[in-house]
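In: need a structure here:
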Amino acid sequence: MNRRVLFLQLLLTLFILAFVESNALKVCLLLPLWWFSFGRLSRNEAMVFAIVNAVFVASDIAAIRNGFFQFAQPDLWTLPCFEFFMWGFYLLHAHRFLQVKYPDSLDLTVVLLAVAFSALFGVISDRHILLFSTSGIFLLGFVFYHEKEDGLFSFYMMLLAIAFESVGIGRGLWSYANGDILWASAQFIVMWGAAGLFLRRIVGPWLAQPGPRTGYVYQAEHLPVHGELAGTWQEAQELRARGLYSEAWCRYQSAETASLEKVLPLNYPFYVEAAEMATLRGYARKGIGLYRKALKLAATPSERADVYLRLCRLYRIMIRMENARYELREAFNTLDMEYPRASMGASLRSLFSFIRSFAGTRHAPAAKDELLRLEVSVALYEEAGLSAYYYGEYVPLIQCTLLPRALVHQISPSIQMIDWLGGCGCVLSLLGLRKAADALLVRAERMSERLKQPYAKAKALVWRALTQDYEGDPVASARSFSRLLTEFQADLRPHDIRLAATTLSVNLMLRGQMAESSRAVESMFVGAAALSSTIFSCTRTFIDWYRIPALSFLGLDDELHEVIKNSKAIFSSLDVEKWLITQFLGGLLIYYYTQEDPPLEEIEICLKRFEALRLTPRTTQREACYYWVARAYILVELFHAGRIPERRARRALSDLRQTPAHPSLRAHHLLLKAKVERYRSRDARLPADLSIALALAEKYNNDWVKFEVYALQSPERALELARRKGWKNRERWLERRSS
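Out: Predicted coordinates for the structure are as follows:
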């Protein structure tokens, strides 16, 4: 908002308070002034305005009864009627004028400080003790909260204090006890400064929610495509329908080039279709540019939000989650929806929305744009849930399962309903509620049969495969993902293919199916719906990170060294993508583990790089937990070689034990625990944990653990397994060990 308007608003407010005699007339003038100068308030701003006014009215009444100050012409409950609205105005004015960033969530400490601060005005009557006490809490607040924005908000509120207190005291609107203006000035500066600090921290998370979009003018309808270009566009659509993507893309390019050269108009549907085709061909940057052009021609907020959603998914395929989140927030902002976040208020609102959705079923939307809005809204919650899962933000993840219920039931049966049922099933499986999760997945599968759409069946299978892995059945999950990438690959969207292929790759790698794991990654680049390697940032280097463990075992050293060299060149640009860094570091540790002489210095650098992420075994994304497996393996071997103390190996085992319950992870933990006991005691007898690890390995076809057990029990069997699986590095390791 224009600060000149807000400054004029402030001056007019001071003028009305100072020179309008009637309190009622002041209210009649102030409210319209604020209404027009603020413009449209978001739902959160209106809520904050009401709550802050209510809180400070109660605080003012307590302070007046304690003799701290008094109003000259009270109307109700010792207050003039304009005072019932003033503190809400102070806060909104500072919020709009300063435009500072706010904390993402509410901290309990600031609530306790604010309650203690306000309570002092109702219980302490001595003005000297009151000043020292409130000043102490105010300074203590800055000990806990000292961001630049905290100081700025507090200082601006102090400036407002000087302005409004000067008018109020100078015009006789209110007065302080004993007429000591010096003590009163010090006290009200402390009070307003503390109010600025505490209000920014307490109501800031609500004000941080994006408000309604202003300033964007939508087209009444889509512009027509010029007749000269319409024929080329129609040819492109026909070629695309026949699966001739390369020829179709040439037609789209021809139409766009002719449009630029001859200044002929294209429209929103054309640019969306062209962007989709660019994505399918692997031209990610070109696709982004075409989507940006589509944004300018969107006829409704729903269409604009749909483009932001497509951009979000495209960035997710490119493994740029920070960019994906930005586009996702823009989509929520466009539809004036609250972005899920880890705060008490957002959680309560999502729970209330979920409960309210059971009150009755709304009518299905009749208008096309209303249907699009519902579909996009549900898809946004799905993307927000995936984003929250990647970053380990489980409170927003739960909100994303609660909020869409009322929406999906208006468009059921639909693919959106299948996505919601499947997503809820995954969340319930993460919480250990298997029966409830299975019931939702069965509903999704039955709905996919009724829809008779290949993509609907594919989406139901995606959620089933994910849930099977979360519930501890990696064999069934791998079977489902493999079926998905063979039977349904032509029906999947690019973001679905990437999710399925990478998840399957990690599943197989943890169970020692190294060649199969590498082929799962390669499946993204072959088949009817293949992704081009150019769709990923820095070509396909990020995706090749998933192949590092497999290449290490298989002994494909030339290819492996090329991947690692390319990875290190771009590694420093990913500081915000913790989940992705974890996967790379885990693969790198497995590579070091398979080397003849593991480089201790490089390993220490790798471990310290991970420590900088401040992730724990419980906060690490499940698909990246193989980092803790790799860390434990390498440290146990270094302990066996006498290069590190035993306590570091045991700490690594303890951390691995804290990862999510999963048979693949548990088998590795029990095996390594047995190896440490044997290395420590030098006893030829094998610990009991080894038999449990072998039983798990046989049940879930975990060849990696089988190999390690055989290496301790029967090296001949281990060598035979390594040769059968093509693990050249492990084969060489056994041969060196036997010689």
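
In: Report how many residues lie close to Leu14.
Out: Around Leu14 there are 17 other residues, counting by other CB atoms under 10 Å. C-beta: built from backbone N, CA, C; applies to glycine.

In: Same check on Ile319?
Out: The burial count for Ile319: 22, using other CB under 10 Å.

In: And Gln237, by the same measure?
Out: 15.

In: how about the host helix or strand of it: buried residues?
Out: Gln237 is located in helix 227-241, with elements delineated by DSSP states H and E. By neighbour count on 16 or more other CB atoms under 10 Å, the buried set for helix 227-241 is Leu229, Thr232, Trp233, Glu235, Ala236, Leu239, Arg240.

In: Mind exporting the C-alpha coordinates of the helix or strand just after that helix to PDB?
Out: For helix 227-241, the following helix or strand on the C-terminal side (DSSP H and E) is helix 245-262. Output of helix 245-262 as PDB, limited to C-alpha atoms (Å, rounded to 0.1, in the frame of the first residue of the first chain):
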ATOM      1  CA  TYR A 245       4.800 -35.000 -29.600                       C
ATOM      2  CA  SER A 246       7.900 -33.900 -31.600                       C
ATOM      3  CA  GLU A 247       5.800 -32.900 -34.600                       C
ATOM      4  CA  ALA A 248       3.200 -31.200 -32.300                       C
ATOM      5  CA  TRP A 249       5.900 -29.200 -30.500                       C
ATOM      6  CA  CYS A 250       7.100 -27.900 -33.900                       C
ATOM      7  CA  ARG A 251       3.600 -26.700 -34.700                       C
ATOM      8  CA  TYR A 252       3.300 -24.900 -31.300                       C
ATOM      9  CA  GLN A 253       6.700 -23.200 -31.900                       C
ATOM     10  CA  SER A 254       5.600 -22.200 -35.400                       C
ATOM     11  CA  ALA A 255       2.500 -20.600 -34.100                       C
ATOM     12  CA  GLU A 256       4.300 -18.700 -31.400                       C
ATOM     13  CA  THR A 257       7.000 -17.500 -33.800                       C
ATOM     14  CA  ALA A 258       4.400 -16.300 -36.300                       C
ATOM     15  CA  SER A 259       2.600 -14.500 -33.500                       C
ATOM     16  CA  LEU A 260       5.800 -12.600 -32.400                       C
ATOM     17  CA  GLU A 261       6.800 -11.700 -36.000                       C
ATOM     18  CA  LYS A 262       3.400 -10.600 -37.200                       C
END
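
In: Helix or strand next in line after helix 245-262, which one?
Out: Next element after helix 245-262 (DSSP H and E): helix 268-280.

In: tell me the angle of that following helix relative to helix 245-262?
Out: 130 degrees (axes from the mean of the first three to the mean of the last three CA atoms, to 10 degrees).

In: Which other helices and strands does helix 268-280 contact?
Out: helix 227-241, helix 245-262, helix 284-296, helix 301-317 (3 or more CB pairs under 8 Å, 6 or more residues apart in numbering; DSSP states H and E).

In: Next, the angle helix 245-262 makes with the helix holding Gln237.
Out: Computed by the same axes, to 10 degrees, the angle separating helix 227-241 from helix 245-262 equals 170 degrees.

In: what about helix 227-241, distance to the chain center?
Out: 39 Å (CA atoms, centre = their mean, to the nearest Å).

In: Can you give the contact residues for it?
Out: By CB atoms under 8 Å, 6 or more residues apart in numbering, the residues outside helix 227-241 that reach it are 225, 245, 247-249, 251-252, 254-255, 258-259, 262, 264, 266, 270, 273, 277.

In: Quick check: the gap between the residue nearest to Cys312 when sequence neighbours are not counted and Glu646.
Out: Among residues not flanking Cys312 along the chain, Glu327 sits closest, at 4.1 Å (CB to CB, 6 or more residues apart in numbering). In this view, Glu327 and Glu646 are 49 Å apart by CB to CB, to the nearest Å.

In: between those two, who's got more neighbours?
Out: Neighbour comparison, Glu327 and Glu646: the larger count goes to Glu327, with 22 against 13 (by other CB under 10 Å).

In: so the more buried one sits right up against Asp306, yeah?
Out: No: using CB atoms under 8 Å, Glu327 is not in contact with Asp306; the gap is 11.4 Å.

In: what's the spacing between Ala652 and Glu637?
Out: 11 Å.

In: And these two? Which one has more around it.
Out: Applying other CB under 10 Å to Ala652 and Glu637 shows that Ala652 carries more neighbours, namely 25 against 18.

In: Would you confirm that the more buried one contacts Val629?
Out: No: proximity of Ala652 to Val629 does not meet the contact threshold set by CB under 8 Å, at 9.7 Å.

In: Just the pLDDT for the residue lying closest to Pro598 once chain neighbours are set aside.
Out: Leaving aside its chain neighbours, Pro598 sits nearest to Tyr592 (4.7 Å; criterion: CB to CB, 6+ apart). pLDDT, Tyr592: 91.

In: mind listing the strands for the stretch 1-150 of the chain?
Out: 69-71 (DSSP state E, counting those that start in this stretch).

In: Any stretches of it with poor pLDDT?
Out: 1-2 (pLDDT under 70).

In: same check, this time on the stretch 501-650 of the chain
Out: Looking at the stretch 501-650 of the chain by pLDDT under 70, you get 527-530, 532-539, 568-577.

In: at 50 what do you get?
Out: Within the stretch 501-650 of the chain, the ranges that satisfy pLDDT under 50 run 574.

In: check which helix or strand covers Glu516.
Out: Going by DSSP H and E, Glu516 is part of helix 514-522.

In: And the next helix or strand past that helix?
Out: Past helix 514-522, the next helix or strand by DSSP H and E is helix 541-544.
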